[in-house]
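Participant: Sequence plus predicted model, see below.
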4 protein chains.
Amino acid sequence: MEFFKGIGKISYEGKESKNELSFKYYNPEEIVMGKPMKEHLKFAMSYWHTLTAGGNDQFGEGTIVREWDCLTPMERAKARVKAGFEFMEKLGIEYFCFHDRDIAPEAETLAEYQKNLDEIVDVIEIEMKRTGIKLLWGTSNMFSHPRFVHGAATSCNADVFAWSAAQVKKALEITKRLNGAGYVFWGGREGYETLLNTDMKLEMDNLARLLKMSKEYAKEIGFDGQFYIEPKPKEPTKHQYDFDSATVIGFLKTYGLDKDFKLNIEANHATLAGHTFQHELRLARINGMLGSVDANMGDMLLGWDTDQFPTNIYDAVLAMYEILKDGGFKTGGLNFDSKVRRASIDTDDLFYAYIAGMDTFAKGLRVAAKLIEDKVFENVVAQRYASYTTGIGKEIVENKVGLKELSDYALKLHGIENRSGRQERLETILNNYIFA
Amino acid sequence: MEFFKGIGKISYEGKESKNELSFKYYNPEEIVMGKPMKEHLKFAMSYWHTLTAGGNDQFGEGTIVREWDCLTPMERAKARVKAGFEFMEKLGIEYFCFHDRDIAPEAETLAEYQKNLDEIVDVIEIEMKRTGIKLLWGTSNMFSHPRFVHGAATSCNADVFAWSAAQVKKALEITKRLNGAGYVFWGGREGYETLLNTDMKLEMDNLARLLKMSKEYAKEIGFDGQFYIEPKPKEPTKHQYDFDSATVIGFLKTYGLDKDFKLNIEANHATLAGHTFQHELRLARINGMLGSVDANMGDMLLGWDTDQFPTNIYDAVLAMYEILKDGGFKTGGLNFDSKVRRASIDTDDLFYAYIAGMDTFAKGLRVAAKLIEDKVFENVVAQRYASYTTGIGKEIVENKVGLKELSDYALKLHGIENRSGRQERLETILNNYIFA
Amino acid sequence: MEFFKGIGKISYEGKESKNELSFKYYNPEEIVMGKPMKEHLKFAMSYWHTLTAGGNDQFGEGTIVREWDCLTPMERAKARVKAGFEFMEKLGIEYFCFHDRDIAPEAETLAEYQKNLDEIVDVIEIEMKRTGIKLLWGTSNMFSHPRFVHGAATSCNADVFAWSAAQVKKALEITKRLNGAGYVFWGGREGYETLLNTDMKLEMDNLARLLKMSKEYAKEIGFDGQFYIEPKPKEPTKHQYDFDSATVIGFLKTYGLDKDFKLNIEANHATLAGHTFQHELRLARINGMLGSVDANMGDMLLGWDTDQFPTNIYDAVLAMYEILKDGGFKTGGLNFDSKVRRASIDTDDLFYAYIAGMDTFAKGLRVAAKLIEDKVFENVVAQRYASYTTGIGKEIVENKVGLKELSDYALKLHGIENRSGRQERLETILNNYIFA
Amino acid sequence: MEFFKGIGKISYEGKESKNELSFKYYNPEEIVMGKPMKEHLKFAMSYWHTLTAGGNDQFGEGTIVREWDCLTPMERAKARVKAGFEFMEKLGIEYFCFHDRDIAPEAETLAEYQKNLDEIVDVIEIEMKRTGIKLLWGTSNMFSHPRFVHGAATSCNADVFAWSAAQVKKALEITKRLNGAGYVFWGGREGYETLLNTDMKLEMDNLARLLKMSKEYAKEIGFDGQFYIEPKPKEPTKHQYDFDSATVIGFLKTYGLDKDFKLNIEANHATLAGHTFQHELRLARINGMLGSVDANMGDMLLGWDTDQFPTNIYDAVLAMYEILKDGGFKTGGLNFDSKVRRASIDTDDLFYAYIAGMDTFAKGLRVAAKLIEDKVFENVVAQRYASYTTGIGKEIVENKVGLKELSDYALKLHGIENRSGRQERLETILNNYIFA
């Protein structure tokens, strides 16, 4: 059965095409910096936003009706698998990501729920084999059900910790079974609502405990996918422990887990934390922890996670710049953690939205690659920091001098000359590469 | 010569007093939880805001004229010392904090500037002996002069790094000479304006280098005061590396410096980073890094550092709560990094402002102490997390179980029962303690 | 049938009481400034947050289970009426507010839905007669149903405008039938998601059209309650036309509706728009448009409407100050547009939460009244602006001079002397009144 | 004397040019939509940011040294005139804007200051004649001097009001003398710091009084340039009365001044108020009040006015779209109220920065014109709101129906069908026009 009738395979037709259901910039097999675009970008479909979201918000019910909504829970879950793979095939997307809860309906008991999961995973496995589509990462939803009202690993209730452990265990098994390249932890309820009732130390210790147990269990079952933590500062809770990249890196170091985890950076989470998307990627990169990316876009004037499809070219260029500088994705990819607007109620909108995101990132890749090939920023940086490659600067970076030597040096200086930072010029160059 | 004529010693007169130039809540020698209030609070005068600030802002010139403004630079510097000590004596403040640049005027050369510094330090030393007032911490201003346009330790210019090293060296020497209990690093320019021209890795490495050199030099000269880093997310730069407590803790761990530094937490910096003041204190506390406090208050609707005198009782209670729970200040104290409003142009306003801050924190201390004596939050927390003291919870915190054991446990659970978080009730209790 | 078993009438027991289910500050019949407290405060229960909310958020399902949840829709609706009146009686709350949709379940057709409404209104009417509790205001929910995806009066779909008109018509009739003292318009979807597809002019014209029609219909049916508009800047939509008080006042003037509407000011909406609660009240007051208040509190570090119960004493004092200066409420009151936190899952929490809000505002009233009786701010203001009561200042405010006369005057001035704004002193006085 | 040595006239060389000191997109005489680009864009140099700014910020001194800095005040003022006109000639900028205070130094007395002003205006007049460069608007700086600490027209001190009136009088005379096309009011201190000491009503009345007097005086001296108000929400004060476009429009209506003023919209002020630049332009446009534009860009993650040169293409396209839809500028233009970054310390940076802004807006104009020529958004809007051109929709907009008729209509509806808002598709189209 075809779910997206009337829409065929979306092809690259180039920027002159008038066909809105085509790619203008994303040409999967085109070679950029020695690799096909699709290998650079590794686009992934987010199961939740694409297949289960209905357009509800805090002040309103769902607006979006999908063909499978009328089915019984298990039939609906199966239809979603089929629809999802059809969707990915039509867009030429080769990866997907999911939460346990996205793919199978809840049940009365944990055992029953796990049975549901297994039944759906069977269907997914068949579709994966049929299509060659791969699992970028799996994860476990430990924030939607009321049992997680006080957190999952950070709940004040030990039973909830145990339940969470069980959920992660099963999700890891599924992810392994489906050959997932990674596994993500996003702790939407791992934080607090008020410090007045919170034992922050115990909660953070417990959060680390769950991560450690997960790593050990992964080893035990031979799952060698990459573990990621996805930072987000707040929402749903007032404060989340995985606030931003720097916080997570520090947390992992504190608990001796920094070798076992990388980061899954989301654009909208970056800005909610007060950072640019590029900042979060850069920080992860220079710490060797850039793992995967949740590609979306926030509204800079709104204080919540809007998860819009990414259409801002500046963000796409600078994100791809960081990813290329990191040597490209290893286990990770660009997962569209993006949802169509509540008013984008047609099925077609899903295609328009993914095309929007894919073309923006494809253009971003092209521009970033050209910037790197021309060494635009590399030359600027090399020149700007040249004083550290010789003389006193060299001695500083080689740790050969201390305050005394430097003070002696400074006392002999006849004035200091700084050079312009050239920000406006650099922004123009960036624009010119984008417009070209 | 008396600078603050017509204002005598500010005394505790209790809350019924109609004298605006008296303390209503701050009773220095009164015993609270076994210690005089003044030892709990350890108020410090900030040299810069109190003695050198003139009320200028980005859109306007200074509005505040002090008696010493008409003097020549060195005479002005000396007058400020005298005025500062008179001010502290009148308020009964026993500590102060300064930047090198606050106390002595710049000069043509570094050597000359250091001579200026020494001359003023002589005067400060005399006043300290005369009054018994102590130095809470010293620091070096490496952000105001144009040479720091690209940063100090993180400048792209190695000469600026050297200059910064020289400045820190001298500031450490002065701080040691004055028996300073600590030394603070606030890196107002240690960050970036645009990533397009920034080598973030080298800059962060260099920032760590300066810290390491400083620690080594301190050891060399026998300065055993506490080192602090003061987090701030942005302003003046677009992004500062010492973003918030979590970031700084992670940074210190990355560079192996976490044993050598504590945090100097500022209320207004906390909120600019998206955290409550209490959050930053709590996080520092549970990491054993709560060092000292810059007491002030921001305007939650403004996006810059307003450095207002702290008059919000909620913040004062919850800050004192964290400080008391940490066992009180060791080397640190409450430094009023607060400036009178640009329109508070009278000399009297300095007194009103300090009284405002001191009384608010004194009331805060009284309320926090009572909350702790009554174990209000302690009981709530103990009850809330009780499940971790027995059964499966105990096994979790004792690291005796893994995913498998927990999954087995969870599979047998017949539903999970959570208890109310009681936030509204706790907020009422807090109010009732404040109003009592 | 009793819904809140084990909880009796909440009484005033004074601040020494250890009974958490008592008022410490709210003493309904106590006379303050010549009027019983309850007449000053006119507390109202919000039907939605109190009786229909379940604790769901954007990332999670409802956590709160009420006794009536298991009933059929119409039985549940009736149970809520009973529970609501029992709740108000127990708390001594004399007013309530509701949306059409809160009280009766949706139906297949508009006609059927209106039948449901009538059936529930019958029950409400009986309860109102039985208890003497009154309707502060009614309103119509035109934002939750998917039909309002593009707005109600501002929808691009004329059928939706018509439907909205029908809904307002019925809601006005109900409000009149129940002797409502007012009727509120909150336009949660009256705004836009993107300007790329929006005819802003037509939408604003249509919004005004619905208001005008409503006013005319009210006249026709003899409803003489007060109309209010409730400003909110954003959420759910990206931009709402009723952004803040100033915007709404301007909008009403543009369409000649400013005589027919007042404002319903919500604390959390104020801060989302970048204003203090007091600012919005002040602006409404000096424009003669302070109508009613939605009493709640936001989290200043979160960018969405948290609708917390108001426990901040500063906001309560300053809000009551503005209300008292306005001569007190005429048709309006203090409606608790506040919801218990998602983790406050017990039925008791509803009582704790309302007590929190009522006691905070009662304390706020007491402090504000004392401040006014002592003319604290009045004297400050009179003195500060005294220059406008005489000489050139008097001529300015009497419009007797123009640029030329003022220039002549200024050319003769020998310097200008400004006096201190005294902000820190005023904040201390405010604190001292609160702590007293 | 040449100030910008080594830099010749900046010419249009097209996007393939490798010359960084050329325009890639701004081709002044090229015809777009029937008019030369330069007439569409009407670029203006801001005197202050370009000629008097030195790179100081709240935490640091000026970093930028200009050739004229060493001169005596009056000679410096004259040198700036020459430098400014040389700068405009080299860039082909045909307009400029200034504050009284930018062009001439302060003096002991008002009379003396006005003499200074006249002397400089003589020089400006000569340069204007020589070059044909025109004055877009003048204004008076009533926020920098300490006398304005409590406001100008809204000061609590009537002498300050008088002084402000004198300053406006003189500034109007100068603006008239120089044939200024407009006159701007930006009230940086027209607001409050704390409501505790503020008579908001009197202050707003007085603000309106100054505007009224100004209008009358303009009439008297025959100045028929356009008056503008420039909205800004805050900074330097906590709250400014001219918060945003909607607030200003409402304020003007309240005081009967809406026929006499238009708006000068600044991009960075828009975002500080929580709006997009396009939003503010659209609102002004549909109210017939779009007057002039301060072209710059803020940093969306910073809470203060960064006044960056505008290099964001999305903002430029959407701004030009609104301006074109308004029929283009009448009296107004695009004034670069933008300053080079504090680290852009070279003289060249001024050129790079202006080229950055001019090319971005030139590209923006080209894209906007194409979008309009192709009726991209016009068709979307026409189709989206088609229901208001016929049937019940037509009756609504023609005010022929009321609640009753609409209710009758709605009761007969068999379901409502909404169409997708298509946001993602529209964002893609916008991208495709930009990238093309």
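Facilitator: Yep, it's here.
Participant: Now the phi/psi pair for the closest residue to chain C within chain A, please.
Facilitator: In chain A, the residue that lies nearest chain C is residue A:303 (1.0 Å; CB to the nearest CB). Where you see a C-beta, it was placed from the backbone N, CA and C, and this is true even at glycine. Main-chain dihedrals, residue A:303, degrees, to the nearest 10: phi -100, psi 20.
Participant: Please apply the same query to residue A:43.
Facilitator: The phi and psi values for residue A:43, taken as degrees, to the nearest 10, are phi -70, psi 140.
Participant: burial count for it?
Facilitator: 26 (other CB atoms under 10 Å in any protein chain shown).
Participant: distance of the residue of chain A closest to chain C from chain D?
Facilitator: Distance of residue A:303 to chain D, given as CB to the nearest CB, to the nearest Å: 10 Å.
Participant: Run through the bridge partners of that residue.
Facilitator: residue C:303 (DSSP bridges).
Participant: And the helices in the stretch 201-350 of chain A, which stretches?
Facilitator: Using DSSP state H, counting those that start in this stretch, the helices found in the stretch 201-350 of chain A span residues A:245-254, A:267-272, A:277-286, A:313-325, A:347-373.
Participant: Report the secondary structure state of the residue in the stretch 51-200 of chain A that chain D sits nearest to.
Facilitator: Nearest residue of the stretch 51-200 of chain A to chain D, counting by CB to the nearest CB: residue A:63, 7.8 Å away. The three-state label given to residue A:63 by DSSP: H, G, I helix; E, B strand; the rest coil is coil.
Participant: coming back round to it: so can I have JSON lines of the helices of the stretch 201-350 of chain A showing mean neighbour count?
Facilitator: Output for the helices of the stretch 201-350 of chain A, formatted as JSON lines (neighbours: other CB atoms under 10 Å in any protein chain shown):
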{"stretch": "helix A:245-254", "mean neighbour count": "24"}
{"stretch": "helix A:267-272", "mean neighbour count": "26"}
{"stretch": "helix A:277-286", "mean neighbour count": "24"}
{"stretch": "helix A:313-325", "mean neighbour count": "24"}
{"stretch": "helix A:347-373", "mean neighbour count": "23"}
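Participant: May I have the phi/psi pair for residue A:27?
Facilitator: Residue torsions, per degrees, to the nearest 10, at residue A:27 are phi -120, psi 90.
Participant: Show the contacting residues for the residue nearest to residue A:179 when sequence neighbours are not counted.
Facilitator: Distance criterion CB to CB, 6 or more residues apart in numbering or on different chains; nearest residue to residue A:179, sequence neighbours excluded, is residue A:135 at 6.3 Å. Residues near residue A:135 by CB atoms under 8 Å, 6 or more residues apart in numbering or on different chains: A:95, A:96, A:97, A:98, A:128, A:175, A:178, A:179, A:180, A:181.
Participant: Report pLDDT for residue A:135.
Facilitator: Predicted confidence (pLDDT) at residue A:135: the value is 98.
Participant: Would you check how far apart it and residue A:95 are?
Facilitator: Shown here: residue A:135 relative to residue A:95, a distance of 7 Å by CB to CB, to the nearest Å.
Participant: OK, contacts around the closest residue to residue A:431 other than its chain neighbours?
Facilitator: Nearest residue to residue A:431, sequence neighbours excluded (CB to CB, 6+ apart): residue D:311, at 5.8 Å. Counting by CB under 8 Å, 6+ apart, residue D:311 touches A:424, A:427, A:428, A:430, A:431, D:297, D:356, D:357, D:360.
Participant: and the gap between residue D:311 and residue D:53?
Facilitator: For residue D:311, the distance to residue D:53 equals 18 Å [CB to CB].
Participant: Could you do residue A:415 as well?
Facilitator: In this view, residue A:415 and residue D:53 are 23 Å apart by CB to CB.
Participant: Have a look at the two and say which one is more surrounded.
Facilitator: More crowded of residue A:415 and residue D:53, by other CB under 10 Å: residue D:53, with 18 against 8.
Participant: what about the residue of the stretch 201-350 of chain A found nearest chain D, how many neighbours?
Facilitator: When scored by CB to the nearest CB, the stretch 201-350 of chain A has residue A:343 as its residue closest to chain D, at 3.3 Å. Residue A:343: 25 surrounding residues under other CB under 10 Å.
Participant: Spit out the contact partners of it.
Facilitator: Counted by CB under 8 Å, 6+ apart, residue A:343 has contacts A:63, C:149, C:150, C:193, D:420, D:421, D:423.
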